[in-house]
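K.L.:
Only the shape, not the letters, is given here:
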C-alpha cells in the first residue's frame, strides 16, 4: 500500500518568499506591503496588475516569482497553466473558485514571508 505523499505548501510559500526577498531593501519591503494590501482588498488579478503598473526591477521580480510559483504549485495539479500571458492564465484559473482561493492564500503567505525576509538587514549590518 502506497502512503499518500503530502506537499508542505507552507514550506513552498516560505521558499518563494525568501527568493523574492533575496536582496532585502526598504523599497522591496514597501512594495511587498502594498502588494499584500492590493491582494487582500482586490484579489490576485489586481495584484498582478498592480505589480505590472509599478514597473521597476523589484515589481517585475516579485511578479515573475509569484507567477512561476503558481505554475508549479501544488506539484500534482498546478494552479496556473503554462501560458506566456499571466493574465490569460489567471482568467482560466478564475473559472475554478477553489483554485482561485487557494492561489490567493498561497500568494498571501508567500508575500508575508517575503516582507519579513525583506526586513532582515544584510549580514554586514547584523549586530551581535
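P.N.:
In hand now; what should we look at? Here the structure is a predicted model, which is why all the values come from computation and not from measurement.
K.L.:
Outside of the helix ranked longest in the chain itself, list whatever touches it.
P.N.:
With secondary structure taken from DSSP state H, the chain has its longest helix at helix 97-119. Residues outside helix 97-119 that contact it (CB atoms under 8 Å, 6 or more residues apart in numbering): 9-10, 12-14, 16-18, 20-21, 24-25, 28-29, 32-33, 35-36, 39-40, 43-44, 47, 62, 66, 69-70, 73, 79-80, 93-94. Glycine gets a C-beta too; all of them are placed from N, C-alpha and C.
K.L.:
buried ones in it?
P.N.:
99-100, 102-103, 106-118 (16 or more other CB atoms under 10 Å).
K.L.:
ditto for stretch 30-37
P.N.:
Buried-residue list, stretch 30-37, by 16+ other CB under 10 Å: 31, 32, 35, 36.
K.L.:
how about the third one, what does it touch?
P.N.:
The one in question is residue 35. Counting by CB under 8 Å, 6+ apart, residue 35 has contacts 47, 50, 51, 62, 111.
K.L.:
And the furthest pair within those?
P.N.:
Using CB to CB, the contacts of residue 35 reach their maximum pairwise distance at 50 and 111, which is 11.7 Å.
K.L.:
Many thanks, we can stop here.
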